[in-house]
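Colleague: Here's a sequence, model it:
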Amino acid sequence: MLQHPLLVAPIGRTILRLAAPNVMAMLATLATSMAEVWYVGHMGTAALAGLALAFPMYMLNLMIAAGSMGGAVSGAIAQRLGANDRAGAEALAFHALVLAAVLSLVASAIFLTLGPRIYGALGGQGAVLEQALAYSGALFAGCITLWLAKTLAGIVRATGRMGVSARLLMTGSAVQVVVAGALVFGIGPLPALGIAGAAAGAVAGFGVSTLLLLHFLIRRCPELTLRLSGIPLRLSVFADLLRVGALASISPFTSIGTVLAITGLVARLGPDALAGYGIGARLEFLMIPLVFGFGAATITMVGVHFGARAYGRGHRIAWTAAGMSALMTGAIGGLMALFPGLWADLFTDVEAVRETCRLYLRIAGPFYALFGFGQCLYFASQGARRMLWPVIGSLLRFLTVVAGGAVLVAQGGLEAEGIFHLIVLSLVAYATVTAVAIWRGAWMRGVVAVPAQ
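Modeller: Predicted coordinates for the structure are as follows:
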């Protein structure tokens, strides 16, 4: 029986080799998102504030589809491939696609029917609420393309074909930039949809990526073949995916909940402060795709090693990747803390908005390294299929912000500086709990260690 090549590949070089295309794809996502904000920024402060309300819901679906469920899919399939079980991997791939379609319909139903209540509860009103609903409505009418594209990319990454998934996702990002710009401003015969055009561009871009990824997995992937028929649906397989994916999905909810709690606090300071925080927080959101570049490589590598019962080497992979991720996010955060205008001044010329964004970056930026470290360990835990403690860490981050926010409100001296220091405290709690739990053996409960390969 052939041994999986990742079991003997050099750890550091292999992480970088597998992560590089993912990071490039995520940089394309970053550029796409920046273009989207630039488009919307031309529509005024109300549109930017509306985007600040709606964008977390977009990121929630993106993080669950790509990071939580997609990571669970990648980890499960990688373990099957590490154990030389191709048939099991193919069955998981088909069930994952079906599950993604069902979950996308659930997401659409929730946000298309409850959107006004959700964004209203977050402080949206008047023109700001109208803009948030326009973006959200267009996005969730077609979010099935997002769910399918991210799930299919997770299947491809489980095979180790990081370059393929990256190229096909980048193609979709390029389509998104062009279509979004054309629809926001109404170029040529296309209608000017305003902020809704930005969301429609995202739907179109993910749709293109979905078609390309399907073609690769059905026709060209040597490690497994995605079969759309002939595989009976089994509840036990869905349950296996959901056992890890549902637990992992708590983390995106708490991450979004953390941002929404901060958003609710900042909204009390007025539209300019809300728009400024929205621009600054987008940088933190965009750290997630960048960390996912290393995280996706780690899911596959840890999954293959745990499938082959090479647990010690799997742990070394996780720590190495987390360190690399911390260096990357720390460098970006540190740069933005030193020169916050590089980010704040890109999207608006309203000085009050810029000043809030600069303040956020000066306070939170230096601690982005902790965010990158904790997030990469979260992804690595999906490869190990041991998600409890990373989820507890994310819950603690959320509770830190909620409890701290309640104290600030009760004291009656709510200011942006105090709110942003809460973010720092929550990042310290998140990274510390996750790292200590894994170091103390959280991944090894119920398994018997064997010598590393």
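Colleague: Chain neighbours aside, what residue packs nearest to Ala369?
Modeller: In space, and not counting its chain neighbours, Ala369 is closest to Gly330: 3.0 Å by Cβ to Cβ, 6 or more residues apart in numbering. The way it works is simple: take the backbone N, C-alpha and C, and place the C-beta from them, glycine included.
Colleague: Which of the helices or strands spans that neighbour?
Modeller: helix 311-338 (DSSP states H and E).
Colleague: Does anything pack onto that helix? Which helices or strands?
Modeller: Applying 3 or more Cβ pairs under 8 Å, 6 or more residues apart in numbering; DSSP states H and E, one finds that helix 311-338 contacts helix 11-41, helix 271-307, helix 341-344, helix 351-364, helix 368-384, helix 416-439.
Colleague: and with 7 Å instead?
Modeller: helix 11-41, helix 271-307, helix 351-364, helix 368-384 (3 or more Cβ pairs under 7 Å, 6 or more residues apart in numbering; DSSP states H and E).
Colleague: centroid residue for the protein?
Modeller: With distances taken as Cα atoms, centre = their mean, Met63 lies nearest the centre of the chain, 3.4 Å away.
Colleague: how deep is the closest residue to it other than its chain neighbours tucked in, by neighbour count?
Modeller: Among residues not flanking Met63 along the chain, Pro252 sits closest, at 3.8 Å (Cβ to Cβ, 6+ apart). The local packing of Pro252 (other Cβ atoms under 10 Å) involves 23 other residues.
Colleague: cool, Ala403 as well?
Modeller: 13.
Colleague: The host helix or strand of it to helix 416-439, inter-axis angle?
Modeller: Here Ala403, judged by DSSP H and E, is contained in helix 388-411. Here the directions of helix 388-411 and helix 416-439 differ by 160 degrees (axes from the mean of the first three to the mean of the last three Cα atoms, to 10 degrees).
Colleague: let's have the chain start at 132 instead
Modeller: Will do, 132 is the new start, and the previous item becomes helix 519-542.
Colleague: If you count neighbours, what's buried in helix 519-542?
Modeller: By 16 or more other Cβ atoms under 10 Å, the buried positions in helix 519-542 come out as 520-533, 535-536, 539.
Colleague: go on, stretch 148-162?
Modeller: 149-161.
Colleague: from those residues, which is closest to Val237?
Modeller: Within the buried residues of stretch 148-162, proximity to Val237 (Cβ to Cβ) peaks at Thr160, which comes in at 23.8 Å.
Colleague: Excluding chain neighbours, what is closest to the closest one?
Modeller: Per Cβ to Cβ, 6+ apart, closest to Thr160 is Pro420, 4.8 Å.
Colleague: cool, and Gly388?
Modeller: Once flanking residues are discounted, Gly388 sits nearest to Phe529: 5.0 Å by Cβ to Cβ, 6+ apart.
Colleague: From the buried residues of stretch 148-162, pick the one nearest Ala269.
Modeller: Using Cβ to Cβ, those come closest to Ala269 at Thr160, 18.7 Å.
Colleague: Dump the C-alpha coordinates for the helix or strand encompassing Gln307 into CSV.
Modeller: Gln307 belongs to helix 293-316 when assigned by DSSP H and E. Output in CSV follows, covering the C-alpha atoms of helix 293-316 (Å, rounded to 0.1, in the frame of the first residue of the first chain):
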residue,chain,number,x,y,z
MET,A,293,-4.0,23.8,-3.5
GLY,A,294,-2.9,25.5,-6.7
VAL,A,295,-5.9,24.3,-8.5
SER,A,296,-8.4,25.5,-6.0
ALA,A,297,-6.6,28.9,-5.7
ARG,A,298,-6.6,29.5,-9.5
LEU,A,299,-10.2,28.7,-9.9
LEU,A,300,-11.3,30.8,-6.9
MET,A,301,-9.1,33.7,-8.2
THR,A,302,-10.8,33.5,-11.6
GLY,A,303,-14.1,34.0,-9.8
SER,A,304,-12.7,37.0,-7.8
ALA,A,305,-11.7,38.6,-11.1
VAL,A,306,-15.2,38.1,-12.4
GLN,A,307,-16.6,39.6,-9.2
VAL,A,308,-14.6,42.8,-9.5
VAL,A,309,-15.7,43.5,-13.1
VAL,A,310,-19.3,42.6,-12.6
ALA,A,311,-19.7,44.4,-9.3
GLY,A,312,-18.2,47.6,-10.7
ALA,A,313,-20.4,47.4,-13.8
LEU,A,314,-23.6,46.9,-11.8
VAL,A,315,-22.9,49.4,-9.0
PHE,A,316,-22.4,52.3,-11.5
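Colleague: In whichever helix or strand comes after that helix, which residues are buried?
Modeller: Scanning forward in sequence from helix 293-316 by DSSP H and E, the next helix or strand is helix 326-346. In terms of neighbour count (16+ other Cβ under 10 Å), helix 326-346 has its buried residues at 326-341, 343-345.
Colleague: neighbours around Ser294, how many?
Modeller: Let me fix one detail, which is that residue 294 is Gly and not Ser. 16.
Colleague: And the closest residue to it other than its chain neighbours, how far from Leu342?
Modeller: Spatial nearest neighbour of Gly294, excluding adjacent residues (Cβ to Cβ, 6+ apart): Pro152 at 4.3 Å. Going from Pro152 to Leu342 by Cβ to Cβ, to the nearest Å gives 20 Å.
Colleague: returning to that earlier point: possible to save the helices and strands packed on helix 442-469 as CSV with mean pLDDT and distance to Val559?
Modeller: Output for the helices and strands packed on helix 442-469, formatted as CSV (pLDDT from 0 to 100; distance: least, Cβ to Cβ, whole Å):
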stretch, mean pLDDT, distance to Val559
helix 142-172, 85, 25
helix 402-438, 85, 15
helix 482-495, 91, 12
helix 499-515, 93, 6
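Colleague: possible to save the ones you listed as JSON lines with distance to Asp216?
Modeller: Converted to JSON lines, the helices and strands packed on helix 442-469 look like this (distance: least, Cβ to Cβ, whole Å):
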{"stretch": "helix 142-172", "distance to Asp216": "21"}
{"stretch": "helix 402-438", "distance to Asp216": "8"}
{"stretch": "helix 482-495", "distance to Asp216": "44"}
{"stretch": "helix 499-515", "distance to Asp216": "16"}
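Colleague: Tally up the residues packed near the closest residue to Val522 other than its chain neighbours, please.
Modeller: Closest residue to Val522 apart from its sequence neighbours, by Cβ to Cβ, 6+ apart: Ile381 at 4.8 Å. By other Cβ under 10 Å, the residues close to Ile381 number 20.
Colleague: any idea how far Ile381 is from Ala534?
Modeller: Ile381 sits 18 Å away from Ala534, going by Cβ to Cβ.
Colleague: now swap in Arg292 and tell me
Modeller: 44 Å.
Colleague: now do Leu283
Modeller: Applying Cβ to Cβ, one obtains 40 Å for the distance of Leu283 from Ala534.
Colleague: quick one on the thing from earlier: the residue nearest to Gly294 is in contact with Gly291, isn't it?
Modeller: No - taking contacts as Cβ atoms under 7 Å, Pro152 lies outside contact range of Gly291: 11.0 Å.
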